[in-house]
Structures are given as C-alpha cells and as structure tokens.
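Peer 1: here is my input, please return the structure:
(2 chains)
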Amino acid sequence: MKRYIIRRFIFGVIVVWIVSVMIFLATRIGPDPALMIASPGADEAELNSIRERFGLNEPLPVQYFIFIKKVLQADFGESIYYGLPVAEILWQRLPASLMLVGTAKFISLSFGILAGVLAARRRTGFTNNLLRWFSFLGLSMPNFWIAMLLILIFSVQLKLLPTGGYGTFWHLLMPAFSLGWYFSAGYTRLTESSLLQVLNSEYIKLCRVKGLTELSVVGKHALKNALIPVVTLAGMNIVLMISGAVAVEMVFAWPGLGLLMYHGAIYRDFNVVQAVILFISAMMVFMNLVVDILYAYLDPRIRYD
Amino acid sequence: MESEAWKWIKEIWRRVPKVAVIILLVLIVTGIGADFLALHDPEIGDPRQRLLPPAWEAGGKWTYPLGTDTMGRDVLSRLIYGSRVSLLVAFAAVIIAGCLGTFLGLMAGFFGGWVDQVIMRFTDSWLSIPTVMFGVLMAVILGPGVWNIVIILGGTFWSRYARVVRGETLSLKTRDFVQLAKIAGCGKARIIWKHILPNVFNSVITLSSLQIGIVIVVEASLTFLGVGVPPPKPAWGLMLSEGRGGLLAGYWWLIIFPGVAIALLVTSFNVIGDWLRRYLDPFYRNID
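Peer 2: A predicted model of the protein is given here:
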C-alpha cells in the first residue's frame, strides 16, 4: 500500500511538472510577450525595460527555472493588468468559483439522483422518459446558450432574476443552473445502473423478505450503497466544472476563476493565465490521486496493476 | 431486383436511430450545399433590413424567414453556412485528435517500458489540463482563424484516444493471433498495422462519435468567447456572441436559432454515438 501511494504520488508530481512546462512554453512560443505587454508603437528602449522588468531577456531554461522556483513558494508573479500579486487575486476569486460550482453540483446531483432512481424503479413511462430526455438534453446544449436562454426568460420576459453580477442568492441561481445541467446526465445514468445492480443483491432481497416498505428498501438501504460511485464522480467533476464555467461566468459577469483566466488571456496577462491553469490542473491531479488511493485502500486488488 | 448495396443500406437503416440520422444528414447536406441553399450572402448584410424579426412575427418578411441581425444579414443563411463551419472544424479536429491519439496509444501499448511511461505521463497531463481554458490561451497566442481552432482542438482532444487505444493494445498484444504473427516473422510495423490497428478501430470510431459533440460545443464556446472563428465568418458560436448584445433588448431570434442548431447537431451526434457504442462493441461498454 505504501509503495502504491508513493508511486502514484510521484506520477502526480511528474504530471503537474509536465503541465507547468507546457503552459510556460505556450506563453513563450508565441509573439514576443514584451510586444503584447507594451502599448502599441513602443520603441526598443521601452521594450527592453519591459523585458528587464519581467525577466524576459534571460534564456528560456533560466526563465523557466525562475518561474518554477517561485511557483514552489506559491508566488505566481505579478499581474500586469491588476498590478497585484497573482496568488492574492487567485485567493480572492476562489470563493466565487467554489460557490458557483457548489450550487451547480447540488442542482445537478439532486436532479440526477432523482431521475436515476425513478429510471431504475420503473423502466418505462412518460415521466421517466421526460426526465431522461431532460438530462440527455443538457449534454447537447452549450452552457452559455442555456445561460442566455435563462436571461431571456427570467430577466427579460418575467423580470424575476438579475441578469448578472454577484452578491445575493438570486444572482447565483441562473449561473449555477446553466453550469449544472450538463452534468446531471452523467449522474442520472450512473445512479440508474448502480442502483439496478444493488437492487439485485442478496441483502436487498433480505430487506424485502423482512417486509420493509418499498420506500425504506430503496431510499434507506439500497441508495446508501448505490450512491458511492455517484459521489465519487461528483467529486472528480468539481474541477471539470470550475474550468467549464468560463463562458457562463462571462455571460453573467460572475467573478470566478474562469472570468479571471479569460480576462487574463484577452489582456495578455499571462502570469494570471499560467497560474489559473496550473492551479486547476494541480487540483485535478490531486483529486484523482485521492480517489485512486481511496479505491486502492477499499479494494486491494487495484494495488497490483 | 435489389442490388446488394441497397439491401445493405436498408439493413443498416432498420437499426439506426432514425431521427438523429435524418437531422445529421440534413445538416450535412445544408453544409455542403450552402452555396445553393442560402438565399442571401452570409457575410454582407443589407443595411435597410436591420433587425427584422422572423417572418411570422409582426414586421417580418418572408424573404428573411428567420429574421436579420444588427448588420442586416439573414439569420437563416448564416445558419446554413454555419453548419459548414461547425462540421468542418469538428470533423477535422476529431480526425487529427484520433490519428495522433491512436498512434501514441499504439506505440505506448505495443512497446511498453519507458516509451509507455513517457507517453502515458504526457497523456495524463493533457487529461488534467482544463480544456476550454487551455483552448482560450492557445487561441489568444496563435491568433484567430478556423485552422488554428482545428489545430488547438485536435491537439487537445487526443489524450482520450491514447488512453483507450493503449489499453486495448495491451490486451491484444497477448492474444494468440499476434503471437503467431510474431512467430511467422512479421515485423513490428506490420503487426501493428495489420493485426492490432484493425482491432482497435471500432473503439476509435465509437470514441470519435462521442467526442465530436464535445468538440462542437468547445469550438462554439471558444468562438463565443471571441477567440475562435473570427468575424464576419458565419459560425454558430459567433452568431450567439453577436446576438448577446441584443439580449436585453429582446431580439430573441438572434439567440434562439443558432443555439437550437448547435443543440440539434450535438444531440444527433450523441444519440448516434450512444447507439454505436452499444452496436459496435458490446465488450467495451466502459468507454467514457
């Protein structure tokens, strides 16, 4: 077990390191970054002073070494656009992202589990098909389009919800729904298949023989076990949600990591972009690592692959 | 007398999800024949016909069935040309991603050892990078353009293929027919090309049909964010981003129709992909 954990951990570190090299190279292979930072029509002396200030006149490997050394000390450099340390901005924006993702998670999970349970209980029927199609549709609609449809209905027509911004519970509803819909399909499908499997097992038959009510059998005994893979998927999806929220955050002017990264890219504030992408990738790797180790702990067969 | 080919087509038709296939065929035909089907120029508008609502609304004209945008361009014509852009980008990106991923997966699975280690660590890193964000970054760096988007999407989506193909190559490698081919003196290249590649092909096709919907949505997202297909090209994501300006003024037809087009295309790919997964390979149901 110890060997397995160490091995996975080293793999994770290597993966994050490759990502850091790639992100670093990506921002350097393009046109001279100094040109992008400088105001248009800047002369050579001005460009040189910018190169000096951001360390762009060093050779690439040296630049990378300085970059990674700082990152290891949680220092992502300074934002050119905001004039603040990037790490500070990142921490400021994180709560908004987490709040959005948390609510979206809640919406998609509660819908997915409900639809999945209904689908597993009764295989056919009108309500069932409706729910299944509803979750399937979420897979095909870009989340920013759902966002605009919601604005059209609830802000423009019904005048119920604010069109964007951040602050109250009402600001949260539409962004969270447009982000969460996509993910509900996965939870529906997984809940359905996993619940079907559990309902066939011996202990559920025992519950039935004991004469427990259907609600107690499904809701209390079966669901507890059936939801383990669903919760795992939900945990692994958190990072995917944060990164998929770019366009939704843009539509609603929601000040999360997605919007931060988007503005960073548009204004050529590459320190911010590097930091956000690296941060999210590292989170992703960490999540996968935790899930892998948990599963290996629960099921010893996995350790010997 | 029915010909063999016709019988085969009928046999296939009996099994496919029909609505999805019809929608997809219609969109492909409109994409190919856009030059004949579109009533108006998709890129140059008529300034006298700005912001007309759809024909059935008060003030709409039947020469502009789905209305016009802020520059007086016909929404329907732009939609028709837009399907060409979407399909072109999606197919090209998936082909690039599929070839790249399949090649790397074959190499990793077949040769094992340090080749496998290096390729799989790269695959893992690519899988952990946030797709849309990395796409935005690369698009800003490479600059706007249809082919840049194709390259970015192709260069992002290969990792899934690599992982699936590697797994299958690993199990195929131990099978008897590969072992016998080795004994018969086949070279490595021949074993990979003639014996392993044909057997992973089904999974690659299935995965492609499932990936293509995601690729279309990501392309639309990048274009919507203003870093994908550049204006004035008629792309659905671009129409949505232009229509966003009229959102609060209630120009709903600029928002609804392009989105419906994307949703239709993606749904039909998803339905077909789902069907292919069940039809082509009952043994590998866990491609995700």
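
Peer 1: which regions of the stretch 51-200 of chain A lie under the pLDDT threshold?
Peer 2: Applying pLDDT under 70 to the stretch 51-200 of chain A flags residues A:123-124.

Peer 1: quick check: nearest residue in space to whichever residue of the stretch 201-305 of chain A sits closest to chain B, chain neighbours excluded?
Peer 2: Residue of the stretch 201-305 of chain A nearest chain B, by C-beta to the nearest C-beta: A:S243 (2.9 Å). Placement of C-beta: from N, CA and C, glycine included. Nearest residue to A:S243 in three dimensions, chain neighbours excluded: B:P130, at 2.9 Å (C-beta to C-beta, 6 or more residues apart in numbering or on different chains).

Peer 1: state the number of residues packed around that neighbour.
Peer 2: The local packing of B:P130 (other C-beta atoms under 10 Å in any protein chain shown) involves 26 other residues.

Peer 1: what do you get for A:K159?
Peer 2: Neighbourhood size, A:K159 [other C-beta under 10 Å]: 7.

Peer 1: so who does it touch?
Peer 2: Contacts for A:K159 (C-beta atoms under 8 Å, 6 or more residues apart in numbering or on different chains) come out as none.

Peer 1: that older thread, and the helix or strand where the residue of the stretch 201-305 of chain A closest to chain B lies, which residues are buried?
Peer 2: Assigned by DSSP states H and E, A:S243 belongs to helix A:223-244. Going by neighbour count (16 or more other C-beta atoms under 10 Å in any protein chain shown), the buried part of helix A:223-244 is A:223, A:226-227, A:230, A:233-234, A:237-244.

Peer 1: closest to B:L142 out of those?
Peer 2: Nearest to B:L142 among those, counting by C-beta to C-beta, is A:S243 at 19.7 Å.

Peer 1: quick check: that closest one vs A:K205, distance?
Peer 2: 43 Å (C-beta to C-beta, to the nearest Å).

Peer 1: scan the chain for its longest helix.
Peer 2: If you meant another chain, say so; for now it's chain A. Across chain A, the longest stretch assigned as helix under DSSP state H is helix A:86-121.

Peer 1: can you look at chain B instead?
Peer 2: Chain B, longest helix under DSSP H: helix B:75-111.

Peer 1: go through it and flag the buried ones.
Peer 2: Neighbour counts over helix B:75-111 (16+ other C-beta under 10 Å) mark B:75-87, B:89-94, B:96-98, B:100-110 as buried.

Peer 1: same check, this time on stretch A:107-119
Peer 2: A:I107, A:S108, A:L109, A:F111, A:G112, A:I113, A:L114, A:A115, A:G116, A:V117, A:L118, A:A119.

Peer 1: model confidence at B:F269, what's the number?
Peer 2: Residue-level confidence at B:F269 comes out at 91, pLDDT.

Peer 1: and it, what is it in contact with?
Peer 2: B:F269 neighbours (C-beta under 8 Å, 6+ apart): B:A20, B:L24, B:S209, B:I212, B:G213, B:I216.

Peer 1: need the contact list for A:P85.
Peer 2: Under the criterion of C-beta under 8 Å, 6+ apart, the neighbours of A:P85 are A:D75, A:F76, A:G77, A:E78, A:S79.

Peer 1: could these be laid out in a markdown table, adding distance to chain B?
Peer 2: Listed next are these as a markdown table, based on distance: C-beta to the nearest C-beta, whole Å:
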| residue | distance to chain B |
| --- | --- |
| A:D75 | 21 |
| A:F76 | 15 |
| A:G77 | 16 |
| A:E78 | 19 |
| A:S79 | 15 |
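
Peer 1: buried among those residues? Need that as a selection in ChimeraX.
Peer 2: Buried residues among the contacts of A:P85 (16+ other C-beta under 10 Å), as a ChimeraX selection:
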select /A:76,77,78,79
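
Peer 1: and which of the contacts of A:P85 is nearest A:L212?
Peer 2: For the contacts of A:P85, the nearest to A:L212 is A:F76 (55.5 Å; C-beta to C-beta).

Peer 1: need the three-state assignment for the closest one.
Peer 2: With DSSP: H, G, I helix; E, B strand; the rest coil as the basis, A:F76 sits in coil.

Peer 1: circling back: determine which two of the buried residues of helix A:223-244 are furthest apart.
Peer 2: Greatest spacing in those, by C-beta to C-beta: A:L223 and A:S243 (30.1 Å).

Peer 1: show me the contacts for the residue nearest to A:S243.
Peer 2: Neighbouring residues of B:P130 by C-beta under 8 Å, 6+ apart: A:V239, A:L240, A:I242, A:S243, A:G244, A:I277, A:I280, A:S281, A:M284.

Peer 1: quick check: of those residues, which lies closest to B:E57?
Peer 2: A:G244 (34.5 Å).

Peer 1: skip the chain neighbours and tell me the closest residue to that closest one.
Peer 2: In space, and not counting its chain neighbours, A:G244 is closest to B:V132: 6.1 Å by C-beta to C-beta, 6+ apart.

Peer 1: which helix or which strand is home to the one you found?
Peer 2: helix B:131-142.

Peer 1: what mean pLDDT would you report for the helix or strand that that helix is followed by?
Peer 2: Later in the chain than helix B:131-142, the nearest helix or strand by DSSP H and E is helix B:146-173. Averaged over helix B:146-173, pLDDT sits at 91.

Peer 1: try stretch A:253-265
Peer 2: Here stretch A:253-265 scores 91 as its mean pLDDT.

Peer 1: likewise stretch B:52-70?
Peer 2: Here the average pLDDT along stretch B:52-70 is 78.

Peer 1: kindly check the end-to-end length of that stretch for me.
Peer 2: Counting by C-alpha to C-alpha, to the nearest Å, you get 9 Å between the two ends of stretch B:52-70.

Peer 1: quick one, helices of the stretch 151-288 of chain B?
Peer 2: Secondary structure of the stretch 151-288 of chain B by DSSP state H, counting those that start in this stretch: the helices cover B:176-183, B:188-190, B:197-224, B:236-243, B:253-280.
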